[in-house]
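J.: just the structure for this:
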Amino acid sequence: MTRQVALRETRLDATKAAITFAVCGTGDLHARAWAVERWGEAGAPREITKAADAVTVSDIDSSTSTGLLDRELFRAVRERALLFRMRGIRRTGFRVRSTTISNSTATWVAEAKPIPVLKPAISNVGLVPAKLAAMSVWTKEALEASPMIEQLVFDDLTRAFADALDLAMFDPANDGSAIAPAALTNGATEVAATSDIDDDLAEVFAAFTGDLATAVFVTTPQIGAGLARDFNGDVGARGGEIAGVPTLTSSAAPDGQLTLVDPATILAAWDEEVMLATSEAGTVEMVTSGFTQDQPTGAALVSLWENNLRSIRAIGRVAWEAAGPAAAVSITGLFPSAT
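T.: Model (predicted):
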């Protein structure tokens, strides 16, 4: 007789540990006991990956808010963010001298003759890591008692990370002068939308200098849905194909914009995890919209301690740049009423 053994779900362990730390504010055995009472012995986090070591919840340092490296959260971001969904991006490391324009070529060579090689373009500086941070604020009561709060925190941070990446990569206004790497569409060719999408696409293809065999379209779910009738349902709110070119959608992509880009001309670097940190003290700058770093006006400073709030934040490092002369081309002004 075969006995079935259920595998323990560990995907949310780091998030559960962060919640435990946020509620208990201690690193002693009380934290482990609280986690077991909250989720049961089978559901309580047992191990958290910290660098090369495994640490339990009771090992979390109560004097600081660092120490939780969450690979599962980053994996969820990879499934959602456009940077990781575009196939063929050239990955490198941070501050690594890299070839920005490929010099690989093949040619027919006579016997005993030298093989010619194109001169490459090399970046001596490499990609400088940019820090991306997301913060999720909850009441202590919610962390203590709300069912599946760990999934809500996990999803909240995943969405925030992915949306920030998508907007920074394709917002033409992002020229790289701030903290985020410059958008692939900054300074790129733009085609104003007309009443004939076929003519617009013909103009885009004529201006595009990348490889259509590896290129992808990027747009919003609204535009994808709006184009469904024009392309017999091959594309929709969740993507598909436009003129045989794979199409990806993101709710954080710029409104009214359909962008053609060749992933093979993008150089990118990233860490494989994000760091989770918690706090029950300090002041949080809260705005209703249009957040700007160190915003002087329009923000409300909220004390976590006075309002019995707890913050859980995630920090990661990402960088990218266009690696080659093949720039993105966008159609702008599509379906303004829908967006």
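J.: where along the stretch 201-339 of the chain do the strands fall?
T.: 216-219, 235-236, 239-242, 245-249, 257-261, 266-270, 274-279, 283-286, 300-303, 309-322, 329-332 (DSSP state E, counting those that start in this stretch).
J.: can you list the low-confidence ranges for this structure?
T.: 1-8, 26-28, 47-67, 99-104, 118-125, 286-299, 336-339 (pLDDT under 70).
J.: what strand or helix carries the residue most central in space within the chain?
T.: Central residue of the chain (Cα atoms, centre = their mean): Ala162, 3.4 Å from the mean position. Ala162 is located in helix 149-170, with elements delineated by DSSP states H and E.
J.: next secondary structure after that helix?
T.: strand 189-192.
J.: what's that next one packed up against?
T.: If you count contacts as 3 or more Cβ pairs under 8 Å, 6 or more residues apart in numbering; DSSP states H and E, strand 189-192 packs onto helix 197-207, strand 329-332. The C-beta positions use only the backbone N, C-alpha and C, and glycine is treated the same way.
J.: returning to that earlier point: go through the helix holding Ala162 and flag the buried ones.
T.: 149-150, 152-154, 156-170 (16 or more other Cβ atoms under 10 Å).
J.: which residues touch it?
T.: Helix 149-170 is contacted from outside by 12, 15-16, 18-19, 72-73, 76-77, 80-83, 132, 134, 136, 138, 142-143, 146, 174, 180-181, 183-185, 218, 250-254, 257, 259, 274, 312, 314, 316, 318, 320, using Cβ atoms under 8 Å, 6 or more residues apart in numbering.
J.: what's the answer for stretch 186-193, then?
T.: So stretch 186-193 is contacted by 171-176, 200, 203-204, 207, 256, 327-334 (Cβ under 8 Å, 6+ apart).
J.: switch to 7 Å and redo it
T.: With contact meaning Cβ atoms under 7 Å, 6 or more residues apart in numbering, stretch 186-193 is reached by 172, 174-176, 200, 203-204, 207, 327-334.
J.: now the buried members of these.
T.: Buried among those by 16+ other Cβ under 10 Å: 172, 174, 200, 203-204, 327-334.
J.: tell me the one of those nearest Ser279?
T.: Checking these against Ser279 by Cβ to Cβ gives Asn174 as the nearest, at 29.1 Å.
J.: roughly how far apart are the spatially closest residue to that closest one that is not a sequence neighbour and Leu248?
T.: Once flanking residues are discounted, Asn174 sits nearest to Ala183: 4.0 Å by Cβ to Cβ, 6 or more residues apart in numbering. Distance of Ala183 to Leu248, given as Cβ to Cβ, to the nearest Å: 16 Å.
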